[in-house]
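[1] give me a model of this one.
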Amino acid sequence: MINEIPTSQRAIAITFDDGPNPVYTPQVLEIFSEAKGKATFFMIGEQMRNHPEIVKQVAAEGHEIGNHTFTHPKLSQLSKAECLTEIEQTEKLIEELAGQKPVIFRPPYLDYNQETVTLLQNKEYPMIGALNLEAQDWEQPGVEHIFEKSREAVKNGSILIFHDGYGDRSQTIEAVRMLVSELTLQGYKLVTVSELLARA
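    Coordinates of the predicted model:
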């Protein structure tokens, strides 16, 4: 699981899980457009099927779309064949809607076992984690908490996790708005996960 990329450059990758969402994903795009930065969206196949136009917009604006399975299951509880179906269905959909095959993967709930690892290695998918898990934005712990805990995880090459799908994500949006503004002032470049991997 890759949580950060060792680099001497002031670059950071901010990622969003469980979208696309018609309310929150466009707000994320707006924040990054103003900051002239790029984000990475680990999208769920089911949600992509419901909101294809948002997937296309994310891709058109130059952000990265990563694979986050089709139905968001715990992969360690599935058979190998079921895992493969989850991954490949979403892969196909991303290719269809975004025009390119995803090259990074994040397991739902960051849950995996040895079989998952082998499967992803065979498919040449790096498994992407994050450094700011204490922010727990999925629990809606408050804007300040999400902001402070994410801020503590900031350094060259950090990968940060937030959520733009499932439930009320307004706290996340506010915290990300504050964080992006601060990072930009500090001279950080907001890049996609693949761009960060390329800097390693």
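
[2] outside of the strand of greatest length in the chain itself, list whatever touches it.
    Assignment by DSSP state E gives strand 11-17 as the longest strand of the chain. Residues from elsewhere that reach strand 11-17 (CB atoms under 8 Å, 6 or more residues apart in numbering): 5, 25, 28, 37, 39-42, 66, 68, 106, 128, 130, 154, 156-165, 176, 179-180, 183, 188-193, 195-196, 199. Where you see a C-beta, it was placed from the backbone N, CA and C, and this is true even at glycine.

[3] pull up the pairing partners for it, direction included.
    Each strand that strand 11-17 pairs with, and the sense of that pairing, follows from DSSP bridges: strand 40-43 (parallel), strand 159-163 (parallel), strand 189-190 (parallel).

[4] just after the first one, pick out the following helix or strand.
    If I follow you right, that is strand 40-43. helix 45-50 (DSSP states H and E).

[5] repeat that for the longest one.
    Where DSSP H and E defines the elements, the next helix or strand beyond strand 159-163 is helix 170-185.

[6] and the angle for that following helix with strand 159-163?
    150 degrees (axes from the mean of the first three to the mean of the last three CA atoms, to 10 degrees).

[7] could you measure from L84 over to K123?
    Taking CB to CB, to the nearest Å as the measure, L84 falls 9 Å from K123.

[8] ok, Q89 next?
    From Q89 across to K123, the span is 13 Å (CB to CB).

[9] neighbour count: those two, which is higher?
    Residue environment comparison for Q89 versus K123 gives the larger neighbour count to Q89, 18 against 14, counting by other CB atoms under 10 Å.

[10] look at the more buried one and tell me its secondary structure.
    Q89 carries the three-state label helix when classified by DSSP: H, G, I helix; E, B strand; the rest coil.

[11] can I assume it is in contact with M48?
    No: in this structure, Q89 sits apart from M48 without contact. The criterion is CB atoms under 8 Å, and the distance is 10.0 Å.

[12] burial of F42, as a residue count?
    The number of residues packed near F42 is 28, by other CB under 10 Å.

[13] skipping adjacent residues, who's closest to it in space?
    The shortest distance from F42 to any residue other than its chain neighbours is 3.8 Å, reached at H68 (CB to CB, 6 or more residues apart in numbering).

[14] go on, Q27?
    When the adjacent residues along the chain are set aside, Q27 lies closest to I173, with 5.0 Å between them (CB to CB, 6+ apart).
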